[in-house]
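Chemist: predicted model, plus sequence, below.
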Amino acid sequence: MKDLVRQKLSIHVEVMDMLNKQIEKEAHSSSAYLAMASWCDHNALSYSAQFFYDQSLEERGHMMKIFRFVNDNGGTAYSPEVKNVIHDFKSLEEIYETALDQEISITQSIHNIVQKCRKLNDFTTENFLQWFVKEQMEEEQMMRRALELFDLMGTDGLGLKLLDERIPQIRESNLPD
């Protein structure tokens, strides 16, 4: 019976499996951003802490969007287990570098799913994923802008505090019109 149900999906089975892996990645990103927020809070970098709390919520929203899409199209979405979240960082700059690497990895994963959709003529899922393609471009751009501040303002004392205070402007400049 299980095989019969999977044959009647609106999305291709291979794509559904990739989407379930993406759900795991989005959950991991959400947890990683929580760990980053905690580090920032602990180090009195309140603007960056809020930035990463917001990022965590956003990633959870991405996870839920995919989760619901899979279920709404006859598939079965699986609640992910989150492992291997890094909690210790040497600096705020390292956190933003880690965040950029994480976003690049998510972008590559989304692109791989889109590529599989095209190969399998899964137009519904490809159309759904176009929102994520655009979103990832914005996410990477936001992390790159944050990293540019380190070059401009430095990483010590007052420069670090001023940098932290500029972080909300990066998020605001990336909000859709």
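Modeler: All right, it came through fine. From a predicted model like this one, the values you see are computed outputs, not experimental measurements.
Chemist: Ile106 and Leu149: what is the separation?
Modeler: 22 Å (CB to CB, to the nearest Å). The way it works is simple: take the backbone N, C-alpha and C, and place the C-beta from them, glycine included.
Chemist: likewise for Ser56?
Modeler: 21 Å.
Chemist: tell me the secondary structure for Lys76?
Modeler: For residue 76 the amino acid is Thr, not Lys. coil (DSSP: H, G, I helix; E, B strand; the rest coil).
Chemist: can you check Leu162 too?
Modeler: helix.
Chemist: got the contact list for it?
Modeler: Residues near Leu162 by CB atoms under 8 Å, 6 or more residues apart in numbering: Met153.
Chemist: I'd like the distance between it and Phe150.
Modeler: 11 Å.
Chemist: what about Ala37, neighbour count?
Modeler: 21 (other CB atoms under 10 Å).
Chemist: low-confidence stretches in this protein?
Modeler: 1-9, 154-159, 171-177 (pLDDT under 70).
Chemist: which SS class is Phe52?
Modeler: helix.
Chemist: hmm, it is touching Cys40, no?
Modeler: Yes. Checked against CB atoms under 8 Å, the pair Phe52 and Cys40 is within contact range at 6.1 Å.
Chemist: residues touching stretch 89-105, excluding its own?
Modeler: By CB under 8 Å, 6+ apart, stretch 89-105 touches 25, 29, 32-33, 36, 39-40, 43, 45, 48, 52, 55, 86, 136, 139-140, 143-144, 146-147, 150, 155, 160, 163-164.
Chemist: brain fart, stretch 123-143
Modeler: 10-12, 15, 19, 62, 69, 73, 96, 99-100, 103-104, 106-107, 110-111, 113-114, 117-118, 170-171, 174.
Chemist: now, of these, which are buried?
Modeler: Among these, those buried by neighbour count (16 or more other CB atoms under 10 Å) are 11-12, 15, 19, 62, 69, 73, 96, 99-100, 103, 106-107, 110, 113-114, 117, 170-171.
Chemist: buried stuff in the host helix or strand of Leu34?
Modeler: Leu34 is part of helix 13-42, with elements assigned from DSSP states H and E. Along helix 13-42, these residues count as buried under the neighbour rule (16+ other CB under 10 Å): 15-16, 18-20, 22-37, 39-40.
Chemist: repeat for stretch 139-148
Modeler: 139-140, 142-143, 145-146.
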